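Enquirer: What shape does this take:
(chains A and B)
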Amino acid sequence: GAVVSQHPSWVICKSGTSVKIECRSLDFQATTMFWYRQFPKQSLMLMATSNEGSKATYEQGVEKDKFLINHASLTLSTLTVTSAHPEDSSFYICSARTPLSSLHPHRAYTFGSGTRLTVV
Amino acid sequence: EDQVTQSPEALRLQEGESSSLNCSYTVSGLRGLFWYRQDPGKGPEFLFTLYSAGEEKEKERLKATLTKKESFLHITAPKPEDSATYLCAVQVVQTGANNLFFGTGTRLTVIP
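Expert: Sure thing, here's the model as predicted:
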């Protein structure tokens, strides 16, 4: 249980184009999802918190007009990188809080498998 | 300012050579400390959640411990398949904060 599916796993796009990344909670509902970015050999940095039915909350320094987040349902959040540039190339990962169960009796967060974005 | 520091940055072990990874934290209030394993090109995989000083959790060859200032991830008799980056993350007691703040990780390589 508690699977977060993220697609695509990798994408290459031309500079100036937009790319959409999907994050789905497969067997549970997630009113809140989190989007992280990870540069090589660096830590995961929170970009934004996605809230179902309301606006996302962005971390300081993250351009909300560039990284559009839509959380239209309880199982789907999308991140669109608009007008992508080479400096946006990174590993993007989403997560959701794992629902408590016998398998997960403690607070935890389940992560997607990540999306490697390369902008050329 | 909340801070999470992991050491060492990288660690090479012979198969069967036990060792410990360190996660030091300075936060205004700890709600929980999390350990994750991350394989190259993959998302983090949950290992443990620790809530209070003195708490310990075990899973196979891994054991996590927590004090008021740091957490250790002990690896007993590691195998090559334990090679990965181990991430420590904290969740801070803060109104509306539900996200994790990660350290930079320890890259573990276990040599057969």
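
Enquirer: show me the contacts for whichever residue of chain B sits closest to chain A.
Expert: Here chain B gets closest to chain A at one residue, residue B:43, 3.7 Å apart by C-beta to the nearest C-beta. From N, CA and C alone the C-beta is placed, and that goes for glycine too. Contacts for residue B:43 were tallied using C-beta atoms under 8 Å, 6 or more residues apart in numbering or on different chains; they are A:4, A:6, A:93, A:95, A:111, A:112, A:113, A:114.

Enquirer: from memory the fifth one sits against residue A:97, does it?
Expert: Meaning residue A:111. No: distance between residue A:111 and residue A:97: 11.1 Å, which falls outside the contact criterion (C-beta atoms under 8 Å).

Enquirer: Confirm residue A:94 sits in a strand?
Expert: Yes: with DSSP: H, G, I helix; E, B strand; the rest coil as the criterion, residue A:94 is part of a strand.

Enquirer: Wait, it touches residue A:6, no?
Expert: Yes: counting by C-beta under 8 Å, residue A:6 is a contact partner of residue A:94 at 5.6 Å.

Enquirer: Show me whatever sits in contact with both of those two.
Expert: Common neighbours of residue A:94 and residue A:6 (criterion: C-beta under 8 Å, 6+ apart): A:21, A:23, A:112.

Enquirer: Counting only strands, which of these make the cut?
Expert: A:21, A:23 (DSSP state E).

Enquirer: The closest residue to chain B within chain A: neighbour count?
Expert: Ranked by C-beta to the nearest C-beta, the top residue of chain A for proximity to chain B is residue A:111, at 3.7 Å. Residue neighbour count, defined by other C-beta atoms under 10 Å in any protein chain shown, stands at 24 for residue A:111.

Enquirer: Show me which of residue A:94 and residue A:6 is the more surrounded one.
Expert: More neighbours surround residue A:94 than the other of residue A:94 and residue A:6, with 30 against 21 (other C-beta under 10 Å).
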